[in-house]
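Peer 1: Mind looking at a prediction? Sequence and model below.
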Amino acid sequence: MFKIDIHTHILPENLNEITEIFSDPRFLILKPIDDVSAMLKKDGMEFRKVDCNCWNHKVRIEECDNNKINLQVLSTLPVLFSYWARDDECLSLSKFLNDHIVQICREEPQRFIGLGTIPMQNTDMAISEMDRCINELKFPGIEIGSNINGKNLSSKKFQPIFEHAEKIGCSIFVHPWEMMGQKDIQKYWLPWLVGMPAETTRAICSIIFGGVMERYPNLKFAFAHGGGTFPFTIGRIDHGFNMRPDLCAMDNDKIPSSYLKHFYVDSLVHNEKVMSFLIDTMGADQIALGSDYPFPLGELQPGNMIEKMDLSDSVKQRLLAGTALEWMGLNETNYIGN
């Protein structure tokens with residue numbers, strides 16, 4: 001079956017050419033360890049060890065072939081969003097990262113599709129770079145964080161960005177970052193195990209309660225990690241909405257569960273029973289294969305769980321590629337049909 005992985009991350013091997021120009025030590029630096037690995041450093045401290053599949057697209061193609069992945073959708077590492085930075089420096093970094101991704105996509109157009117990153121903290125710059133991503137670089141969309149410097153995505157500040165995205169047909173992939181409360185839960189890897197699903201739920205609830213999907217009904221959002229805890233706590237969320245409309249329905253009076261068919265999530269839930277529940281709750285038409293490649297919390301054999309499940313071939317193909325193409329606004333016959 002044809003497979004498209006909408007959730008993969010990449011960074012440029014020459015990242016330091018741009019980040020070492022800036023004076024702020026919070027910008028990431030890539031320090032080689034050997035020929036096949038490097039250490040990402042932030043604030044002078046070790047942040048994460050990465051292997052060459054994080055920057056070498058030839059290695060990625062080999063690993064995609066091993067897992068029968070036809071297309072990867074490339075997006076930057078969320079830690080590189082850098083919304084905290086000076087606006088002009090964040091814009092420069094965004095352009096550098098986007099130019100790197102488009103170079104790979106142009107070199108291997110049958111294997112890679114790109115998502116851009118934009119400086120969300122500055123509306124005018126964000127819209128300008130979004131336009132470049134869609135019109136010049138020919139990306140189908142962008143990746144953004146689950147909050148912007150602590151501001152929820154429902155904030156009025158970001159509405160012109162969403163309005164413009166809907167206008168130009170720019171799909172949006174929302175990935176958790178800067179997880180709320182992470183400083184208090186550092187032990188046991190809890191920011192990634194607990195904080196990320198909660199942070200994604202924060203983003204979905206903010207967008208729904210804030211009326212973003214109501215104002216921009218044709219804007220196509222996709223959320224990482226199976227939508228976090230949102231699909232699994234929708235009963236609680238609906239109940240709270242009904243019991244305390246004074247707190248929950250201030251900006252949108254439609255019940256949250258009515259939006260389950262209005263956005264997409266990736267398939268990264270790691271468990272067949274959980275995946276079955278996600279399909280029952282949201283429908284296969286709203287779920288796209290996403291692996292979080294090449295990181296250890298990702299699905300190590302992308303799509304393998306879906307292929308093993310007791311589902312019809314048509315449902316499997318929808319999950320493995322059809323939903324991804326719909327979300328990105330791409331013609332299915334140009335891919336699955338060939």
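Peer 2: Good, I have the coordinates. Just so you know, these numbers come straight off a predicted model, no measurement behind them.
Peer 1: Settle this for me: residue 159 is touching residue 211, isn't it.
Peer 2: No: checked against CB atoms under 8 Å, the pair residue 159 and residue 211 is beyond contact range at 9.4 Å. In short, each C-beta sits where N, CA and C put it, glycine included.
Peer 1: Quick one: neighbours of residue 132, just the number.
Peer 2: Residue 132 has 18 neighbours, counted by other CB atoms under 10 Å.
Peer 1: need the contact list for it.
Peer 2: Residues in contact with residue 132 (CB atoms under 8 Å, 6 or more residues apart in numbering) are 95, 98, 116.
Peer 1: Quick one, grab the pLDDT at it.
Peer 2: Residue 132 carries a pLDDT value of 98.
Peer 1: where's it relative to residue 36, distance?
Peer 2: 33 Å (CB to CB, to the nearest Å).
Peer 1: Strands of this protein, start to end?
Peer 2: Listed in chain order, the strands of the chain (DSSP state E) span 4-9, 29-34, 37-42, 45-51, 71-75, 112-116, 141-145, 171-175, 221-223, 264-266, 287-288.
Peer 1: Tabulate these (CSV), appending distance to residue 323, mean pLDDT and mean neighbour count.
Peer 2: Converted to CSV, the strands of the chain look like this (distance: least, CB to CB, whole Å; pLDDT from 0 to 100; neighbours: other CB atoms under 10 Å):
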stretch, distance to residue 323, mean pLDDT, mean neighbour count
strand 4-9, 8, 98, 26
strand 29-34, 33, 95, 13
strand 37-42, 31, 95, 17
strand 45-51, 29, 94, 13
strand 71-75, 12, 98, 27
strand 112-116, 14, 98, 25
strand 141-145, 14, 98, 26
strand 171-175, 12, 98, 25
strand 221-223, 9, 98, 26
strand 264-266, 6, 98, 27
strand 287-288, 4, 98, 28
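Peer 1: Just tell me which of those strands ends up closest to residue 60.
Peer 2: Residue 60 lies closest to strand 71-75 among these, at 6.6 Å (CB to CB).
Peer 1: What strands flank the closest one, and is each parallel or antiparallel?
Peer 2: Paired strands of strand 71-75, with direction, are strand 4-9 (parallel), strand 112-116 (parallel) (DSSP bridges).
Peer 1: want to throw the ones you listed into TSV with distance to residue 123?
Peer 2: Listed next are the strands paired with strand 71-75 as TSV, based on distance: least, CB to CB, whole Å:
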stretch	distance to residue 123
strand 4-9	26
strand 112-116	16
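Peer 1: Those strands: which one's closest to residue 199?
Peer 2: strand 4-9 (15.2 Å).
Peer 1: send the alpha carbons of that closest one over as PDB?
Peer 2: Presented in PDB, the C-alpha positions along strand 4-9 are these (Å, rounded to 0.1, in the frame of the first residue of the first chain):
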ATOM      1  CA  ILE A   4       2.700   9.000   3.400                       C
ATOM      2  CA  ASP A   5       4.200   9.900   6.800                       C
ATOM      3  CA  ILE A   6       2.900  13.400   7.700                       C
ATOM      4  CA  HIS A   7       5.000  13.700  10.900                       C
ATOM      5  CA  THR A   8       8.700  13.600  10.400                       C
ATOM      6  CA  HIS A   9      11.400  16.100  11.500                       C
END
